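# Predicted coordinates and the sequence they were generated for:
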Protein chains: 2
Amino acid sequence: MNRRNHRAVGRRCLAVVSAALAAALAATGPAAAESDRPGPLVLQKQGSFFVGGQSKSTGPNSDITIDQMYVQFQVPEGAGKHLPVVMLHGCCLSGKTWETTPDGRMGWQEYFVRRHRPAYIPDQVSRARSGFDSTAISQVKAGALPPSALPNVFQASHQVSWTLFRFGPTFGTVFSDEQFPVNAADELYKQMIPDLNALLPAVNPTWTNLAALAKQLGGAVLMGHSESGFFPEQAALIDPAGIRGVITIETAFCVTNLTPQQLAVFRDVPVLVVFGDHLADVPAFASLWTASFDTCNQFVQQVNAAGGDAQMLSLPAVGVFGNSHMMMQDKNNLEVADLILKWIDEHVGGR
Amino acid sequence: MNRRNHRAVGRRCLAVVSAALAAALAATGPAAAESDRPGPLVLQKQGSFFVGGQSKSTGPNSDITIDQMYVQFQVPEGAGKHLPVVMLHGCCLSGKTWETTPDGRMGWQEYFVRRHRPAYIPDQVSRARSGFDSTAISQVKAGALPPSALPNVFQASHQVSWTLFRFGPTFGTVFSDEQFPVNAADELYKQMIPDLNALLPAVNPTWTNLAALAKQLGGAVLMGHSESGFFPEQAALIDPAGIRGVITIETAFCVTNLTPQQLAVFRDVPVLVVFGDHLADVPAFASLWTASFDTCNQFVQQVNAAGGDAQMLSLPAVGVFGNSHMMMQDKNNLEVADLILKWIDEHVGGR
């Protein structure tokens, strides 16, 4: 689906309703979700651990550990030969992204486990339970470094989240077919936490840690979202040994200047790229999303031309409309998950 | 057990062995833990949500949410009338505290669930998946505030962790009966993340959120550790309605100047305080831990004098030796958990 078609689809949905009306009409709330709850969840094992990390001296007899990546996991009974799926969150978010949705429904973490997939949920290096290197903050406070040495911290506002994530064309307005549960937007805002990735070196330790994790698991599918959308590919470029497939959900841009040698990595690593709806319909971010879509189409073509197996899954192109950037939390999130599970089974397979 | 007795017990263990020797002798590693793994874990439900939170304007059309508390939970099949247990981590740590131990064994989160207790694991406000208010950092970087406006960030070094947590009398040395799996200390260091509690107001939002969580759950036992050791009591002082019992594990100090009116709150809220071993045996922190022990004994006496049910559980006094400050990760962590579960059943009861 090219940009022009996307715009045509977009026009269909330009009618907007107010957030208040959408809230009143919303059919799905925590109470409804509760009664729909499926049977017991049976786990073979669960737990958490860290990947990577290195010591850093911050003074005499004062060492800390930085660059470690926290990973929480569950392995269901009956996983059989299904490959583990690693789900990595985006900017200003944490592993919470994949858990209970803002309106209290099941997230992809549990759904994948119930579909017999071991699920591994990291917090990015420098975020949430992975911690961050706070040395610069302490040194600036102590006067040892100038304020310019502080990291740029990105914390997405309510206004940016609503529009960048395409809940409606402007803050507080909603697309008529919007799938995000906008009545629970306040609960999404609680997930938005400071992003300190500006502290990290050019080769993001999260990429290296993802490659190490996949190898440690003896094979895994890596899935990234938004800021981390292309991290699975970056991990494969560092070390593809354990990476059996990569899934990119709405990254800000796919890298389109890989060398032939780099593209050759994807001969053995199937690629899925997923985009939702309304890419061109939010004036403030239309050029971002349509450019993102274009670069990813280009990347898909490059991988296929190099002998790989890459696929662009544009949800509206397959008749699934109204999905936001936060499709793993949208009202039809399990329908979208099913499309991804189908791709894994058909293009990656099992152990 | 008073301070003098504690010192007498301490002398028993002053013989130390090197960390390298301890590592070589360590009986419990990830591989051993794996083979001991019990049967499937059967959950009635699991998920995550936030408690509290408020909007803050950071400029025109730029609102963020602060003071929210992330909570992850699991409810086992067969929970019956067992009360939920809320486990709150300490300084420079996150909810990871209660999960898989540094050497790969089962943590208290899963153990309590397997013992039929719904377990709720928050990240403190301003930590990990709860996020923090980064406004001051951005304003200092922009020159709008002086460097002195930056928060004091506390990140515990390896050296401080080893000694403050009482793995041995000095960094790298180990008590002969030490229960912490020191061969996996590097994995503990990965859990140590920046503590930004200096950003919080005098009435810590975590206290308020804990009280609200207990009420929302229709009754719960609150357990705090170290920095958060007295948070369950602070939550009860704000609103005891949902708080059925409080457990304080090795707080830095118990508050001993509560008014009669405040102490009366604990007539209906049983109190358990737990301390490990070697309180007086680490020269750098002996006065801290013995003073902490003394203040908590005083608090226990005050609650009992006011008609409450408070108990001091000094592990060495009941024949359980060598426990560190991180007793939930110690090699005998499930033995310690059993003592706490027994206290809940005998002093708090069920729904």
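That came in fine, so what should we check first? No experiment lies behind these values; they were computed from the predicted model shown.
# Let's test this: mean pLDDT of the biggest strand by length in chain A, rounded?
Criterion DSSP state E: the longest strand present in chain A is strand A:41-51. Along strand A:41-51, the predicted confidence averages to a pLDDT of 98.
# same for the lengthiest helix in chain A, what does it pack against?
Longest helix in chain A by number of residues (criterion: DSSP state H): helix A:286-305. Applying 3 or more CB pairs under 8 Å, 6 or more residues apart in numbering or on different chains; DSSP states H and E, we find helix A:286-305 packed against helix A:3-11, strand A:271-275, strand A:310-314. Every residue, glycine included, has its C-beta placed from N, CA and C.
# dump the residue contacts of the residue lying closest to A:M69 once chain neighbours are set aside.
Nearest-residue entry for A:M69: A:N209, 4.1 Å, with adjacent residues in sequence omitted and distances by CB to CB, 6 or more residues apart in numbering or on different chains. Residues counted as contacts of A:N209 (CB atoms under 8 Å, 6 or more residues apart in numbering or on different chains) are A:V51, A:G52, A:D67, A:Q68, A:M69, A:P122, A:V125.
# just curious, which of the residues you listed is nearest to A:N183?
Looking at these and their distance to A:N183, the nearest is A:P122, at 29.6 Å (CB to CB).
# my guess is the closest one meets A:F73, correct?
No - A:P122 is not in contact with A:F73 according to CB atoms under 8 Å; the separation is 9.5 Å.
# who's more crowded, these two?
Residue environment comparison for A:P122 versus A:F73 gives the larger neighbour count to A:P122, 29 against 22, counting by other CB atoms under 10 Å in any protein chain shown.
# Return the distance of A:K331 relative to chain B.
The spacing between A:K331 and chain B, counted by CB to the nearest CB, to the nearest Å, is 17 Å.
# The closest residue to that residue other than its chain neighbours: how many residues sit nearby?
With CB to CB, 6+ apart as the criterion, A:K331 has its nearest non-adjacent residue at 5.0 Å, and that residue is A:Q179. Burial of A:Q179 is recorded as 26 neighbouring residues (other CB under 10 Å).
# Can you give me the pLDDT of A:Q179?
Confidence at A:Q179, expressed as pLDDT, is 98.
# wait, what's in contact with it?
Residues touching A:Q179, when contacts are defined by CB under 8 Å, 6+ apart, comprise A:G276, A:D277, A:F321, A:G322, A:N323, A:S324, A:M327, A:D330, A:K331, A:N332.
# Repeat the analysis, applying 10 Å as the threshold.
The contact partners of A:Q179, by CB atoms under 10 Å, 6 or more residues apart in numbering or on different chains, come to A:166-167, A:276-278, A:315, A:320-324, A:326-327, A:329-333, A:335-336.
# and the gap between A:F50 and chain B?
Separation of A:F50 from chain B (CB to the nearest CB) stands at 4 Å.
# Would you confirm that that residue contacts A:F73?
No - look at A:F50 against A:F73 with CB atoms under 10 Å: they stay out of range, at 12.0 Å.
# intersection of neighbour lists for the two?
Between them, A:F50 and A:F73 share the neighbouring residues A:P122, with contact defined by CB under 10 Å, 6+ apart.
# Now for the residue nearest to A:H325 when sequence neighbours are not counted, how many residues are close by?
By the measure of CB to CB, 6+ apart, the closest residue to A:H325 outside its immediate chain neighbours is A:F165, 4.1 Å from it. The number of residues packed around A:F165, counting by other CB under 10 Å, is 23.
# Return the residues in contact with A:F165.
With contact set as CB under 10 Å, 6+ apart, A:F165 has these partners: A:90, A:156, A:180, A:185, A:188, A:226, A:250, A:276, A:282, A:285, A:324-327, A:329.
# how about the strands in chain A?
With DSSP E as the criterion, chain A has strands at A:16-18, A:41-51, A:54-57, A:63-66, A:69-76, A:85-88, A:119-122, A:173-175, A:220-225, A:243-249, A:271-275, A:310-314.
# Mean pLDDT lowest where, among these?
strand A:16-18 (a mean of 38).
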